[in-house]
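Peer 1: sequence first, then the predicted structure:
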Amino acid sequence: MPNQTSRRRQTGRRPYSGSGRPGSSFSRNNSSSRTRSGGRSRFGAGRPGGNRGGSRGGGGRKQPTFDPSQFINKNPVEVKEEAYVPKHTFNDFGLHADIAKTVTDQGITSPSPIQDQAIPLIMEGKDVIGLAETGTGKTAAFLLPLIQKTLTQGKQQTLILTPTRELALQAEAEFRKFGAGFKLYATSCVGGTSIRPQIRALKRNNHFIIGTPGRILDLIDRGDIRTEKINNVVLDEADRMLDMGFIHDMRKILENVTKNRQTLFFSATMTDEAERLVNDFMRSPVTISVKKKDVTNSIAQDIVTYEHAHKFDTLLALLAKDELKRVIIFGAMKHSVEKLSKELSNHGIKADSIHGNKSHGQRQRSLAAFKSGNARVLVATDVAARGIHVDNVTHVINYDLPGTFEDYVHRIGRTGRGVHKGQALTFVPKR
């Protein structure tokens, strides 16, 4: 039985491949540590009626200890990647002809690197660790072979754990695209919404159950999810789940699921805690790494100095520039994020917000408004933004300083995605 006691986790990450820390002058050693209780997320993914307050412990928000001025990068490295030549086509994997056709009908002509390398291994029944950034096609990399396994082997049930409600719904939407035409069923079980419809949906024969760890564990405890029936587990964006404090929930879930299972672990980074999880719960896993670049080197970064009395005015002056077309602004606390969004709207800037005090439906509407262009600016907290994957974000603004190096990297990674360039600006008070 793995040790379930709380432990203080250092937030510094290192790539699993052993390539060391990102090549920047930003000191990880200065990043603050956080004590994780391992309990439910404060952002609605845990037990109904749980404590979802915004403070971190009794002392409020922990102040950053690093100096963002060390991270100025006005001339980012232009990463020229060699074109990846896949070894397979979707017709080579042994997928049902209708699955392969569904993929190609969506305009996906050849597998991405993670798909090309992971799908054959998953089809062979191996446990797989896939290290890849968001937006590399990893959802299809695990869904396609698991749909095929469900169609051919029978009596298969897959549990997919994701860090946020938004990511769970995205995974379910992908499943419905790839599984179209087959009599396969899936349900999403996430916090922040009523548990009753989820309980009713679980009474049918669901081949895929997709959800956040806190709500999934609630349903297991209630007996609505029968873990003895689960024979495939996917940990999607595992590093984010660990960062959000879900470690004990994840361990309890994995301990309850039958040991004779296939386990897939997808993550952008591999922490010491993630390695312990892998060692405890996976069987001779095969590791695939298709990480391409260090985001801190490839995004233009600068600081914006301000006087305390004129911080908001400084932001308005920035947003008056035409080049800031689609902007995500990160704030520290839920109430301050909501207030900032309203102040921007009052000054004629189309803005919306996403944070843990909003219901699931409200968060979805805010995200839809931002994606559609009805909102030019999205103001967000760190954890609530874990599921934000929006193309063509031109700028990220750190209006409040991030707490750790990892938070900083996550924030600025919302821009400069794919072939697009982006810019990150961090507000720093004048001294």
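Peer 2: Structure received. Just so it is clear, the structure is predicted and the values come from calculations on it, not from any experiment.

Peer 1: and the closest residue to Arg204 other than its chain neighbours, how far from Leu202?
Peer 2: Distances taken as C-beta to C-beta, 6 or more residues apart in numbering place Tyr185 nearest to Arg204, at 6.0 Å, with adjacent residues excluded. Using the backbone N, CA and C atoms, a C-beta is placed for each residue, glycine as well. As judged by C-beta to C-beta, to the nearest Å, Tyr185 and Leu202 stand 10 Å apart.

Peer 1: between these two, who's got more neighbours?
Peer 2: Between Tyr185 and Leu202, Leu202 has the larger neighbour count (other C-beta atoms under 10 Å), namely 17 against 14.

Peer 1: other SSEs contacting the host helix or strand of Leu121?
Peer 2: Assessed by DSSP states H and E, Leu121 sits inside helix 113-123. Using 3 or more C-beta pairs under 8 Å, 6 or more residues apart in numbering; DSSP states H and E, the elements in contact with helix 113-123 are strand 128-131, helix 138-153, strand 286-289.

Peer 1: so which of those comes closest to Gln301?
Peer 2: Among the helices and strands packed on helix 113-123, the nearest to Gln301 by C-beta to C-beta is strand 128-131 (24.0 Å).

Peer 1: quick one: mean pLDDT for that closest one?
Peer 2: For strand 128-131, the mean per-residue pLDDT is 95.

Peer 1: same deal with stretch 107-124?
Peer 2: 93.

Peer 1: now swap in stretch 216-234 and tell me
Peer 2: Rounded mean pLDDT across stretch 216-234 is 96.

Peer 1: only C-alpha atoms, please: export it in CSV.
Peer 2: Extracted C-alpha coordinates of stretch 216-234, given in CSV (Å, rounded to 0.1, in the frame of the first residue of the first chain):
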residue,chain,number,x,y,z
ILE,A,216,-14.9,10.3,-9.8
LEU,A,217,-13.8,9.3,-6.3
ASP,A,218,-17.1,10.6,-4.9
LEU,A,219,-19.0,8.3,-7.3
ILE,A,220,-16.7,5.3,-6.5
ASP,A,221,-17.3,5.9,-2.8
ARG,A,222,-21.1,6.0,-3.4
GLY,A,223,-21.0,2.8,-5.4
ASP,A,224,-22.1,4.4,-8.6
ILE,A,225,-18.8,3.5,-10.4
ARG,A,226,-17.8,-0.1,-10.1
THR,A,227,-14.0,-0.2,-10.2
GLU,A,228,-13.9,-3.9,-10.8
LYS,A,229,-15.4,-3.3,-14.2
ILE,A,230,-12.6,-0.8,-15.3
ASN,A,231,-9.8,-2.4,-17.2
ASN,A,232,-8.3,0.7,-18.9
VAL,A,233,-7.2,3.9,-17.2
VAL,A,234,-5.9,7.1,-18.8
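
Peer 1: and that stretch, how far out from the chain middle?
Peer 2: Averaged C-alpha coordinates place stretch 216-234 at 22 Å from its chain's average position (C-alpha atoms, centre = their mean, to the nearest Å).

Peer 1: how about it: buried residues?
Peer 2: 216-220, 224-225, 227, 230-234 (16 or more other C-beta atoms under 10 Å).

Peer 1: quick check: Ile216 touching Leu159?
Peer 2: Yes: with contact defined as C-beta atoms under 8 Å, Ile216 reaches Leu159; the gap is 7.1 Å.

Peer 1: count of neighbours near the spatially closest residue to Thr89 that is not a sequence neighbour?
Peer 2: Leaving aside its chain neighbours, Thr89 sits nearest to Ser110 (6.5 Å; criterion: C-beta to C-beta, 6+ apart). Taking other C-beta under 10 Å as the neighbour definition, Ser110 ends up with a count of 13.

Peer 1: ranges for the strands of the stretch 301-431 of the chain?
Peer 2: 327-330, 351-354, 377-380, 395-398, 423-429 (DSSP state E, counting those that start in this stretch).

Peer 1: strand partners (parallel or antiparallel) of the last one?
Peer 2: Same thing as strand 423-429. Sheet pairing of strand 423-429 (DSSP bridges) gives strand 300-306 (parallel), strand 395-398 (parallel).

Peer 1: now the longest one, how far from the centre of its chain.
Peer 2: Chain-centre distance of strand 300-306: 26 Å, with C-alpha atoms, centre = their mean.

Peer 1: what of stretch 168-185?
Peer 2: For stretch 168-185, the distance to the chain centre is 19 Å (C-alpha atoms, centre = their mean).

Peer 1: what touches both of Ile216 and Leu159?
Peer 2: Ile209, Ile225, Ile253 (C-beta atoms under 8 Å, 6 or more residues apart in numbering).

Peer 1: fine by me, thanks again.
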